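Asks: After the sequence you'll find the predicted model.
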Amino acid sequence: MRSRQPKRVYIETQGCQMNVYDSGQMLEILRETEAYLPAERPEDADLLVLNTCSVREKAFDKALSRLGRWRLLKAEHPDLRIAVGGCVASQEGPALLARAPFVDVVFGPQTLQRLPALLSEREASGRPQVDVRFPAIEKFDALPAPRRSGPCAFVSIMEGCSKYCSFCIVPYTRGEEANRPFADVLAEVWTLAESGVREITFLGQNVNAYQSDWRGVRRDLSDLIHYTAAIDAIQRIRFTTSHPIELGDRLIGAFREEAKLAPHLHLPLQSGSDRILMAMKRGYTTLEYRSKVRRLRAARPDLALTTDLIVGFPGETDGDFEETLDLVQDLAFDQSFLFLYSPRPGTPAASLPDPVPDPLRHERFDRLKTTLDRQALAFSRKRVGQRVSVLVERSGEKDPSALSGREGSNHWVHFTGSPDLLGTMVEVEVTQGLPNCLKGQRAGIESMSSTSHDRAQRASL
């Protein structure tokens, strides 16, 4: 390693919130075990870590492209170490070293806790190290003590996926569903609350499938929500990502019963065609999805619903696409994440016949995106004039009075205020609704300033 102290690590994260969470855990593990500090740039680091995602098309090529740039840094500094983690690493394993022999360590999402040991083994042996196993609970046992880095915190409650949708690589890269013990999750939430965290987001590939025995009773996500809501310091609770077939009465009831549970749910639909849903092996029909949405909105009328959609799945006809477009218009999603289908090697869908031609895929994508963008803008504009509760998460670097935070439906809200509001919940009146955010001002401030302005004008007459 380079001789300067302290040692520095640069972590680049690709993909989902689970990867963001995992990267944070890597940093804490390296900090605790090897006294690493974060580097601002790859050029300043002794260790480079690439946390990869294999959900998108050409994920391996994207990872190799980044590693190609890092290879140049290693050519200048041979003692620089490079580690590759995440789903691409899990999927490729030793094959990654064949394409990038300059990489020192390859590890999977379930073995990130072994990163310091793998680096030590690399130094001792002089050979690259690979560990992409799926130990059931070892990762959770090795997590560092939770540390506050702001008013919001992610808490991972389960890993992996057992649904095996035909298009998805996640079960093969993260393993089967493994649930974290209920008591351990509650202990982490308590610790975070005592340190000043005000919003908790429970994480899992299918977070609403969570189950764990505690005190002789089978507990689920709704129990976690109720127990967390009972902690006075916690002001807001979220969870992601949910699977429609796991959305039952108890969880729907939590939206009705717990005011601290944010009025927002991300519920991936993927397609509005029953025929395509069956080919995707999603396990539900559009009628069942509609029914759950209806019950959710009855339980929480202000619920903001977001979703994932895939365009161009093998065999998708014009009729299938029109059914998706119709369902999207009927359900009026707040925001949506839209993807062009791309085959993932090793998944059942990769061998399906009748691929949709690229020009047609892109045409359908553009049509659906236009509808989704229109819905998102309409939802934001409806908020104008409303008062929303915003948990202030950050301030501008150049202008500390430029504050930002999220309100209940998960929209970012930008407004002006004192930097000492960071970490607090404030009321903001929405003055402008944009497709991806809201703008506003502290509730009551405009009317006070307007009144003062009016008095000044009258005094000058």
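Replies: Received, thanks. Numbers count the residues shown, from 1 in each chain.
Asks: SS state for the closest residue to residue 377 other than its chain neighbours?
Replies: Spatial nearest neighbour of residue 377, chain neighbours left out: residue 435 (4.8 Å); criterion: CB to CB, 6 or more residues apart in numbering. C-betas here are computed from N, CA, C, even on glycine. Here residue 435 is recorded as coil under DSSP: H, G, I helix; E, B strand; the rest coil.
Asks: same check, this time on the one 4 residues further on
Replies: State at residue 439, reduced to three classes by three-state DSSP: strand.
Asks: give me the low-pLDDT residue ranges for the chain?
Replies: Low-confidence segments of the chain (pLDDT under 70): 1-4, 56-57, 136-139, 142, 445-461.
Asks: can you point me to the longest helix in it?
Replies: helix 358-382 (DSSP state H).
Asks: Identify the residues contacting the next helix or strand after that helix?
Replies: Later in the chain than helix 358-382, the nearest helix or strand by DSSP states H and E is strand 387-395. In this structure, residues lying in contact with strand 387-395 by CB atoms under 8 Å, 6 or more residues apart in numbering are 150-152, 198-199, 235-236, 401-408, 413, 415, 417, 419, 421-430, 438, 440, 443.
Asks: What strands line up against strand 387-395, and which way round?
Replies: The pairing partners recorded for strand 387-395 under DSSP bridges are strand 402-406 (antiparallel), strand 425-433 (antiparallel).
Asks: buried set for the shortest one?
Replies: Spelled out, that is strand 402-406. Going by neighbour count (16 or more other CB atoms under 10 Å), the buried part of strand 402-406 is 403, 405-406.
Asks: Give me the distance between residue 108 and residue 254.
Replies: According to CB to CB, to the nearest Å, residue 108 and residue 254 sit 33 Å apart.
Asks: just residue 7 next, same as before
Replies: 44 Å.
Asks: what about these two, which has more around it?
Replies: residue 254 (23 against 18; other CB atoms under 10 Å).
Asks: Just want to check the distance between the more buried one and residue 153.
Replies: Taken as CB to CB, the span from residue 254 to residue 153 is 20 Å.
Asks: Am I right that residue 326 is in contact with residue 272?
Replies: Yes: if you go by CB atoms under 8 Å, residue 326 and residue 272 touch, sitting 6.6 Å apart.
Asks: okay, the two: which has more neighbours?
Replies: Shown here are residue 326 and residue 272; by other CB under 10 Å, residue 272 has more neighbours (24 against 13).
Asks: OK, contacts around that one?
Replies: Residue 272 neighbours (CB under 8 Å, 6+ apart): 286, 323-328.
Asks: same question, residue 58
Replies: Here residue 58 is in contact with residue 342 (CB under 8 Å, 6+ apart).
Asks: Look up how far residue 49 lies from it.
Replies: For residue 58, the distance to residue 49 - CB to CB - is 21 Å.
Asks: same deal with residue 154?
Replies: 18 Å.
Asks: Between those two, point out the one with more neighbours.
Replies: residue 49 (25 against 21).
Asks: and that one, helix, strand or coil?
Replies: strand.
Asks: doesn't residue 9 make contact with it?
Replies: Yes: contact criterion CB under 8 Å: residue 49 and residue 9 qualify, at 6.3 Å.
Asks: Now render the contacts of residue 272 as JSON lines, adding secondary structure and distance to residue 163.
Replies: Shown next, in JSON lines, are those (DSSP: H, G, I helix; E, B strand; the rest coil; distance: CB to CB, whole Å):
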{"residue": "286", "secondary structure": "helix", "distance to residue 163": "18"}
{"residue": "323", "secondary structure": "helix", "distance to residue 163": "22"}
{"residue": "324", "secondary structure": "helix", "distance to residue 163": "20"}
{"residue": "325", "secondary structure": "helix", "distance to residue 163": "25"}
{"residue": "326", "secondary structure": "helix", "distance to residue 163": "26"}
{"residue": "327", "secondary structure": "helix", "distance to residue 163": "21"}
{"residue": "328", "secondary structure": "helix", "distance to residue 163": "22"}
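Asks: May I ask which of these has the most neighbours?
Replies: Of these, with other CB under 10 Å as the count, residue 324 tops at 26 neighbours.
Asks: what about residue 376, how many neighbours?
Replies: 20.
Asks: got a list of what it touches?
Replies: 334-336, 435-436.
Asks: again, only using 7 Å
Replies: By CB atoms under 7 Å, 6 or more residues apart in numbering, the contact set of residue 376 is 334-335, 435.
Asks: of those, buried ones?
Replies: 334-335.
Asks: Now flag whichever of the contacts of residue 376 is closest to residue 379.
Replies: residue 334 (4.7 Å; CB to CB).
Asks: how close does that closest one get to residue 407?
Replies: Residue 334 is 12 Å from residue 407, by CB to CB.
Asks: Ok, residue 230 next?
Replies: Residue 230 is 23 Å from residue 407, by CB to CB.
Asks: Look at the two and report which has more neighbours.
Replies: For residue 230 and residue 407, the more surrounded residue by other CB under 10 Å is residue 407, and the numbers stand at 26 against 10.
Asks: what's the nearest residue to residue 240 if we skip its chain neighbours?
Replies: residue 266 (5.1 Å).
Asks: I should have written residue 184 there, sorry.
Replies: residue 140 is the one closest to residue 184 (CB to CB, 6+ apart), at 6.9 Å.
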